[in-house]
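Novice: next one to model:
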Amino acid sequence: MLRQIKGDPALRTIPVVMLTSSREESDLFQTYDLGVNAYVVKPVEFTSFVEAVKVLGQFWRSSNESPPAAPLT
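Specialist: A predicted model of the protein is given here:
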């Protein structure tokens, strides 16, 4: 899915956050090579998971600078 999103000129600027249970370096490197914007290892405990998702949402709403919209061609 990441390969398709980042390979499509109309979609590639959509930020993609990989939320995963994997701590494998190969997964981390592969997803960044494919253009992921953030790689977050999700906590196992539910309340910690909910908190991590809240913090992530707050970051994207308040701190992230998105690219301007591309002109329509």
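
Novice: helices of this protein, start to end?
Specialist: For the chain, helices defined by DSSP state H occupy the ranges 2-7, 25-33, 46-62.

Novice: dump the ones you listed to TSV, plus mean neighbour count and mean pLDDT.
Specialist: Yep, even glycine has a C-beta here, placed from its N, CA and C like the rest. What follows is the helices of the chain, written out as TSV (neighbours: other Cβ atoms under 10 Å; pLDDT from 0 to 100):
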stretch	mean neighbour count	mean pLDDT
helix 2-7	13	93
helix 25-33	12	95
helix 46-62	11	88
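
Novice: out of the ones you listed, which comes closest to residue 13?
Specialist: Checking the helices of the chain against residue 13 by Cβ to Cβ gives helix 2-7 as the closest, at 9.5 Å.

Novice: the spatially most central residue of the chain and residue 50, how far apart?
Specialist: Among the residues of the chain, residue 17 comes closest to the average C-alpha position under Cα atoms, centre = their mean, at 1.3 Å. Separation of residue 17 from residue 50 (Cβ to Cβ, to the nearest Å): 15 Å.

Novice: measure the closest residue to the residue nearest to the centre of the chain other than its chain neighbours to residue 20 for me?
Specialist: On the basis of Cβ to Cβ, 6 or more residues apart in numbering, the spatially nearest residue to residue 17 that is not a chain neighbour turns out to be residue 38, at 4.5 Å. As defined by Cβ to Cβ, residue 38 lies at a distance of 11 Å from residue 20.

Novice: and what of residue 39?
Specialist: Relative to residue 20, residue 39 is positioned 7 Å away (criterion: Cβ to Cβ).

Novice: then residue 50?
Specialist: When distances are taken as Cβ to Cβ, residue 50 and residue 20 turn out to be 17 Å apart.

Novice: also residue 48?
Specialist: Residue 48 sits at a distance of 15 Å from residue 20 (criterion: Cβ to Cβ).
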